[in-house]
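Engineer: have a look at this prediction, sequence included:
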Amino acid sequence: MLNTDVVWSRLMKYLDKIRLHSLRFQECNSKCPYQQFQSGFAIRVNPRHPRSIQPHNFRSILTGVLLLLLILGGCAPEDTAPEKDKVIADILQAHPEWFAPVLQDPAKYRLQILYTQIDRDAQNRPQFRSYRYRVNTNDYFYPASTVKFPAALLALEKLNRLNIPGLDMNTPLRIDSAFAGQTTVIADTSAANGLPSIGHYIKKIFLVSDNDAFNRLFEFLGQQYFNQTLWEKGYRDTRIIRRLESGMDAEGNRATNPFTFYEGEKIIYQQPLVQNPQAYRIDMPGVRQGKGFMSGGELVEKPMDFSHSNYFPLTDQQAMLRALMFPETVPEAQRFDLREEDYRFLYRYMSMLPRESDEPAYPDTATYYDSYVKFLMFGDRHDPIPGNIRIFNKVGNAYGYLIDNAYVVDFENGVEFFLSAVIQVNENQIYNDDTYEYDEIGYPFLAHLGRAFYEYERQRPRARRPDLSRFRFN
């Protein structure tokens, strides 16, 4: 009998050497005994990358890859089959009153949807089956605040890897300035002790999508570490190369601030200014968009250029969310180095509503309503979200783009599923003018999308009711 673990291991070694562009791991379903690829292959050779293939061994490596793909080839077409799109299309077409305007021209709205069903076996182990609608890793969209999600995971992982006594997510920190445009931090009035910490920044990211909190995690990680660590985990299409709303240019984003972690008068850990020696940029279809953009109050009549911005494709977003919610189901190399208390902390604050938080506190429910960062299912309303439903997610909202990457749970009805979607609403194709059809089209679309898939999941037959107690919090 074929040892698929050995075959897969050898395949991964070959693919790592040639920087396979769109490899994704996915657990097998009952029809296929091997692991699957979520998308087709695209090979990029980068001579500057430490793992780049050299000319003398390219032919032998490529031959090995092709042979192994023939062995595993029975699984490859699964996620690209037409019926994978049809399931989502059928759900959308069943509600023309909600979706017809967007479905008439989904390309105009840059619509992408990724939906994953979850079924449990007798031991409550999850099995996944994913469906796609217009998902294209090579079609750029601006990811907005969704990039804060990997920043939170990697910040906790970095603390664990440093493994310094007294250094954890709650350790007070001071941020200094050592490069043009950098700003310092010595206090955080939203914290009970008045001091900033990694954990407090993460809370603010998930509760209200705080931009400064992300920028501080970006600075703690450093641009090169941030990206290379994600690439090593298999998220090779992701590029997170700048802060948000900071005004920093490309050179400034390559340099990140000095950090000092301390307890009282004792310094626990110091990190100097870090500068990425490499210049990252995004070069892919669609990275220049629109007819123009506003700059300094003036209209610049040329496409908006996102090549020095960020990119976090939908496939990577949902794969990362799955790696967090179900770490045991992904290859070890893709997991984050998190402790059990880290998982509990992340689950709690990813699903917490602003009004439920004491520290930081958001008592103004008119501003920070329940759906403030819950676009799917509830983005078109401001009333309370039912207590039986919890959404573990990260949203993004900028330049006419709305994105939500979510794991949805209904404890009362035994429902769980992943749903990730992006839509752009920018009718005039002018960027940075604050004229976007969020309220008219964007928020209602994502809210209806979430409700349509939730109702579909409620009716979908399941062999076993899932035990969701791991994700329940008081």
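Structural biologist: Here it is on my side, so go on.
Engineer: now do the helices in the protein.
Structural biologist: 4-17, 58-72, 82-93, 96-103, 148-162, 198-208, 211-221, 223-232, 250-254, 314-325, 340-351, 443-459 (DSSP state H).
Engineer: mean neighbour count, distance to residue 110 and mean pLDDT added to those, as CSV?
Structural biologist: For the C-beta atoms, the positions are set from N, CA and C on the backbone; glycine is no exception. Compiled in CSV, the helices of the chain are given as follows (neighbours: other Cβ atoms under 10 Å; distance: least, Cβ to Cβ, whole Å; pLDDT from 0 to 100):
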stretch, mean neighbour count, distance to residue 110, mean pLDDT
helix 4-17, 16, 29, 42
helix 58-72, 14, 31, 44
helix 82-93, 16, 16, 82
helix 96-103, 14, 10, 97
helix 148-162, 22, 20, 98
helix 198-208, 23, 25, 98
helix 211-221, 23, 23, 98
helix 223-232, 19, 23, 98
helix 250-254, 17, 25, 97
helix 314-325, 24, 11, 98
helix 340-351, 18, 26, 98
helix 443-459, 20, 12, 98
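Engineer: in TSV: these, plus distance to residue 184.
Structural biologist: Shown next, in TSV, are the helices of the chain (distance: least, Cβ to Cβ, whole Å):
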stretch	distance to residue 184
helix 4-17	40
helix 58-72	48
helix 82-93	48
helix 96-103	45
helix 148-162	19
helix 198-208	15
helix 211-221	11
helix 223-232	19
helix 250-254	15
helix 314-325	31
helix 340-351	26
helix 443-459	37
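Engineer: among those, which is nearest residue 382?
Structural biologist: helix 443-459 (10.7 Å; Cβ to Cβ).
Engineer: which strands and helices lie in contact with the closest one?
Structural biologist: helix 82-93, helix 96-103, strand 112-120, strand 401-410, strand 415-424 (3 or more Cβ pairs under 8 Å, 6 or more residues apart in numbering; DSSP states H and E).
Engineer: repeat that with 10 Å
Structural biologist: Here helix 443-459 touches helix 82-93, helix 96-103, strand 112-120, strand 389-398, strand 401-410, strand 415-424, going by 3 or more Cβ pairs under 10 Å, 6 or more residues apart in numbering; DSSP states H and E.
Engineer: include distance to residue 141 when you put these into TSV, please.
Structural biologist: Compiled in TSV, the helices and strands packed on helix 443-459 are given as follows (distance: least, Cβ to Cβ, whole Å):
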stretch	distance to residue 141
helix 82-93	18
helix 96-103	15
strand 112-120	7
strand 389-398	9
strand 401-410	6
strand 415-424	5
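Engineer: and residue 301, how many neighbours?
Structural biologist: 9 (other Cβ atoms under 10 Å).
Engineer: can you give me phi and psi for it?
Structural biologist: With angles defined as degrees, to the nearest 10, residue 301 sits at phi -90, psi 70.
Engineer: what's the spacing between it and residue 136?
Structural biologist: Look at residue 301 and residue 136: by Cβ to Cβ, to the nearest Å, they are 28 Å apart.
Engineer: residue 160 now?
Structural biologist: From residue 160 over to residue 136 (counting by Cβ to Cβ), the distance is 35 Å.
Engineer: and if you look at residue 373?
Structural biologist: 26 Å.
Engineer: the more surrounded of these two?
Structural biologist: residue 373 (24 against 16).
Engineer: would you confirm that that one contacts residue 392?
Structural biologist: No: the pair residue 373 / residue 392 is not scored as a contact, 11.5 Å apart, by Cβ atoms under 10 Å.
Engineer: which neighbours do those two share?
Structural biologist: 206, 350 (Cβ atoms under 10 Å, 6 or more residues apart in numbering).
Engineer: now do the contacts for the closest residue to residue 135 other than its chain neighbours.
Structural biologist: Excluding the flanking residues, the one nearest residue 135 by Cβ to Cβ, 6 or more residues apart in numbering is residue 112, at 5.0 Å. Contacts for residue 112 (Cβ under 10 Å, 6+ apart) come out as 106, 132-137, 139, 141, 313-315, 403, 420-424.
Engineer: next: residue 419.
Structural biologist: Contacts of residue 419 (Cβ under 10 Å, 6+ apart): 88, 113-116, 318, 376-377, 391, 393, 404-408, 446, 449-450, 452-454, 457.
Engineer: beta partners for it?
Structural biologist: Per DSSP bridges, the residues bridged to residue 419 are residue 115, residue 406.
Engineer: can you give me the distance of the closest residue to residue 417 other than its chain neighbours to residue 389?
Structural biologist: Once flanking residues are discounted, residue 417 sits nearest to residue 457: 5.0 Å by Cβ to Cβ, 6+ apart. For residue 457, the distance to residue 389 equals 12 Å [Cβ to Cβ].
Engineer: list residues touching both of those two?
Structural biologist: 408, 410, 413, 415.
Engineer: can you report how many residues lie near the first one?
Structural biologist: In other words, residue 408. Count around residue 408 with other Cβ under 10 Å applied: 21.
Engineer: hang on, it packs against residue 388?
Structural biologist: No: if you go by Cβ under 10 Å, residue 408 and residue 388 don't touch, sitting 11.4 Å apart.
Engineer: which residues do those two both contact?
Structural biologist: Counting by Cβ under 10 Å, 6+ apart, the residues touching both residue 408 and residue 388 are residue 415.
Engineer: measure the residue nearest to residue 135 to residue 421 for me?
Structural biologist: 7 Å.
Engineer: which residues do the two both contact?
Structural biologist: By Cβ under 10 Å, 6+ apart, the residues touching both residue 112 and residue 421 are 133, 135, 314, 403.
Engineer: distance to residue 291 added to these, as TSV?
Structural biologist: Compiled in TSV, the shared contacts of residue 112 and residue 421 are given as follows (distance: Cβ to Cβ, whole Å):
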residue	distance to residue 291
133	27
135	26
314	25
403	22
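Engineer: now, which of these sits nearest residue 336?
Structural biologist: Out of the shared contacts of residue 112 and residue 421, the member with the shortest distance to residue 336 (by Cβ to Cβ) is residue 314, at 19.3 Å.
Engineer: on that earlier part again, between the helices and strands packed on helix 443-459, which gets nearest to residue 190?
Structural biologist: strand 389-398 (19.7 Å).
Engineer: wouldn't residue 434 be in contact with residue 294 here?
Structural biologist: Yes: proximity of residue 434 to residue 294 meets the contact threshold set by Cβ under 10 Å, at 8.3 Å.
Engineer: between those two, who's got more neighbours?
Structural biologist: residue 294 (15 against 8).
Engineer: what bridges to the more buried one?
Structural biologist: Beta-bridge partners, per DSSP bridges, of residue 294: residue 299.
Engineer: the most centrally placed residue in the chain and residue 146, how far apart?
Structural biologist: Nearest to the mean C-alpha position of the chain, counting by Cα atoms, centre = their mean, stands residue 317 at 3.3 Å. To residue 146, residue 317 is 6 Å away according to Cβ to Cβ.
Engineer: same check on residue 255?
Structural biologist: Applying Cβ to Cβ to residue 255 and residue 146 gives a distance of 24 Å.
Engineer: so those two - more neighbours on which side?
Structural biologist: Higher neighbour count among residue 255 and residue 146: residue 146, with 27 against 19, using other Cβ under 10 Å.
Engineer: that one contacts residue 375, correct?
Structural biologist: No: with contacts defined as Cβ under 10 Å, residue 146 does not count as touching residue 375, sitting 11.1 Å away.
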